[in-house]
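Novice: here are the coordinates; sequence isn't available:
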Ligand SMILES: O=C[C@H](O)[C@H](O)COP(=O)(O)O
Ligand SMILES: C=C(OP(=O)(O)O)C(=O)O
């Protein structure tokens, strides 16, 4: 008989049920308390009940868990130092949405070499999240695959839906069921309305296809997620972190009835993916905050130990602590940027 199904599928390998991994690497009471507490802090910052600034900061992607832990230890100190002004969440991104083709992140390909050991990727990702939480540092992830959250989301304080997927119904529905505040980026062309629409969809209850903790395909019914918010990341039409863009977006969110303030990504379309430019953009956002702009709730920074980026397939040994996806600011620049943002919050407080 002519085969008309799975014509382009080479193989299916069953995924281990999420419950198995959650049992093998349990979150535990102590870490769960940190996740719950930090989610509430993020909510309070987003609504303005807490006048600190949310800072989601860390590598563009995690490719080396040792370097990620080294970074997390540094960040734990800096977060403590600025805890009166900044609510720091570490960017721990395991899933990379690509413009075309490229490495899709540690969960998809932990060997970085096209061997796609997804089970190892899931285990490594979860173990790293638990280790970072043990340092007292809450984590933020982008959710890209609709199945993967069942393996890691209990450990995540803040989630993002990226610029390439915010118009996808699948991702908007996913956000409606996630347990943490979720930020939607503007689209890659710079359009903000898609992110506002996504918040509207994410706030509502949905019924859709998903997977349960036992790994069974399931009909999922969600309550809706009240903590959906907009992230300005710039785009092909140019950056959108400046005062006019911020004011225009705040007017749009208010009109749409969104209660959360904005997060601004200093990287991506706002920096032209230049790590040097990113520091300048952060300073300009800090100046707006210091000038009293209360609509800015958070800033996202792509930062690692060593400045810049490197290619995975250069044939050279990888530089320790340097990004293999987007260029990141160095740890030294990050320290300065965090201090500048903290000073800006103090100034905003004084002006309020
Ligand atoms: O943050 C990462 C990148 O901006 C995003 O994943 C797209 O990367 P690419 O354009 O290199 O594929
Ligand atoms: C892919 C990312 O961003 P964006 O969706 O804004 O391109 C990211 O933050 O890693």
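Specialist: Done, it's in. The structure displayed is predicted, hence computed values, not measured ones. Ligands and ions are numbered 1, 2, ... in the order given.
Novice: mind listing the helices for the stretch 151-300 of the chain?
Specialist: Under the criterion DSSP state H, counting those that start in this stretch, helices of the stretch 151-300 of the chain are mapped to 169-177, 193-203, 243-255, 275-290.
Novice: what about these, which gets the closest to residue 129?
Specialist: Closest approach to residue 129 among the helices of the stretch 151-300 of the chain (CB to CB): helix 169-177, 18.3 Å. Using the backbone N, CA and C atoms, a C-beta is placed for each residue, glycine as well.
Novice: want to throw the helices of the stretch 151-300 of the chain into a markdown table with mean pLDDT, mean neighbour count and distance to ligand 2?
Specialist: What follows is the helices of the stretch 151-300 of the chain, written out as a markdown table (pLDDT from 0 to 100; neighbours: other CB atoms under 10 Å; distance: least, CB to the nearest ligand atom, whole Å):
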| stretch | mean pLDDT | mean neighbour count | distance to ligand 2 |
| --- | --- | --- | --- |
| helix 169-177 | 98 | 22 | 11 |
| helix 193-203 | 98 | 21 | 10 |
| helix 243-255 | 98 | 15 | 15 |
| helix 275-290 | 98 | 21 | 12 |
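Novice: now this protein against ligand 2: closest residue?
Specialist: residue 162 (2.9 Å; CB to the nearest ligand atom).
Novice: in the stretch 101-250 of the chain, what residue is nearest ligand 1?
Specialist: residue 102 (4.8 Å).
Novice: I figured residue 162 hits residue 97, correct?
Specialist: Yes - using CB atoms under 8 Å, residue 162 is in contact with residue 97, at 4.8 Å.
Novice: who touches both of these two?
Specialist: 142, 144 (CB atoms under 8 Å, 6 or more residues apart in numbering).
Novice: settle it for me: which of the two has more neighbours?
Specialist: Remark: of residue 162 and residue 97, residue 162 carries more neighbours, 23 against 17, as counted by other CB atoms under 10 Å.
Novice: please tell me how far that one sits from residue 18.
Specialist: 22 Å (CB to CB, to the nearest Å).
Novice: hang on, the earlier thing: redo the helices of the stretch 151-300 of the chain as JSON lines? Include distance to residue 229.
Specialist: Below are these laid out as JSON lines (distance: least, CB to CB, whole Å):
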{"stretch": "helix 169-177", "distance to residue 229": "11"}
{"stretch": "helix 193-203", "distance to residue 229": "6"}
{"stretch": "helix 243-255", "distance to residue 229": "8"}
{"stretch": "helix 275-290", "distance to residue 229": "16"}
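Novice: and residue 185, which of those is closest to it?
Specialist: Using CB to CB, the helices of the stretch 151-300 of the chain put helix 193-203 closest to residue 185, at 6.3 Å.
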